[in-house]
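[1] What follows is a predicted structure for the sequence shown.
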Amino acid sequence: MTGIRHFSSEITLGRQRGAALIVALIFMVILAVIGVSSMQTATMQERMSGNAKDASIAFQAAEAALRQAEARLAPAGAIGVFNGTNGNYIACANPGDTRTACAAPDWADKKSVGWVTIATDMPGVVKQPEYILEQLEIEDENRSLDSDQPVIPLDLYRVTARGYGFSDRTMVVLSTTFNRNNE
């Protein structure tokens, strides 16, 4: 023996096995964090796409109600009396006007009182689309002031329609102005 000592390989391997275990556990924790983060991201994206689909369905339902109301206004014949019934109201300029015809329902109130439900059954919605008509009391600023010319009243209406999605939390409200004079 020359005085050179040899270290046992068992001691070195034992220390390396412990270090490998710690490194493997760190990698497992990192992979678990990445996996959980990916699942949360996927869940959030699925919710966002579901909400977008729900909003699109509600928009299409409101659009259907708007078109049905416009079709009701389009013919030159009578459309009924604007007395606050059957979805027919008057858009009164004076906020203090207490006539029933001026009491159009609030679009944010989800009760169907005063609204007209469309005749077409729309599948996939929690509630069928609805609309109201408001006759606008507006004078034509460009009317002829000639004494021999008849005054042609404006025949303007505001149509407010609302549609619902497949969730009761989704509602889309659309509004347009319809002029029966320019058909």
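    It's in.
[2] which ones are touching Asp109?
    Residues counted as contacts of Asp109 (Cβ atoms under 8 Å, 6 or more residues apart in numbering): none. Just so you know, the C-beta spots here come from the backbone N, C-alpha and C atoms, and that holds for glycine as well.
[3] brain fart, Glu137
    Glu137 sits next to Ile90, Ala91, Cys92, Ala93 when contact means Cβ under 8 Å, 6+ apart.
[4] And for Asn88?
    If a contact means Cβ under 8 Å, 6+ apart, then Asn88 has Ile79, Gly80, Val81, Phe82, Ala101, Ile132, Leu133, Gln135 as its contacts.
[5] What of Arg99?
    Gly84, Ile90, Cys92.
[6] need the strands for this structure, in chain order.
    All strands of the chain, identified by DSSP state E, fall at 88-91, 116-117, 130-136, 156-164, 171-179.
[7] these two touch, right, Asp155 and Ile138?
    No - the pair Asp155 / Ile138 is not scored as a contact, 10.0 Å apart, by Cβ atoms under 8 Å.
[8] who has more neighbours, these two?
    Higher neighbour count among Asp155 and Ile138: Asp155, with 17 against 13, using other Cβ atoms under 10 Å.
[9] distance of the more buried one from Leu66?
    Counting by Cβ to Cβ, to the nearest Å, the separation of Asp155 from Leu66 is 18 Å.
[10] Could you list the low-confidence segments of this structure?
    For the chain, the stretches flagged by pLDDT under 70 are 1-17, 139-153, 182-183.
[11] show me where it has helices.
    Counting by DSSP state H, the chain has helices at residues 9-73.
[12] Any idea how many residues pack against Val33?
    Val33 is surrounded by 10 other residues when neighbours are defined as other Cβ under 10 Å.
[13] Could you dump the strands of the chain into TSV with distance to Gly18 added?
    As requested, those are exported to TSV (distance: least, Cβ to Cβ, whole Å):
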stretch	distance to Gly18
strand 88-91	81
strand 116-117	73
strand 130-136	71
strand 156-164	63
strand 171-179	62
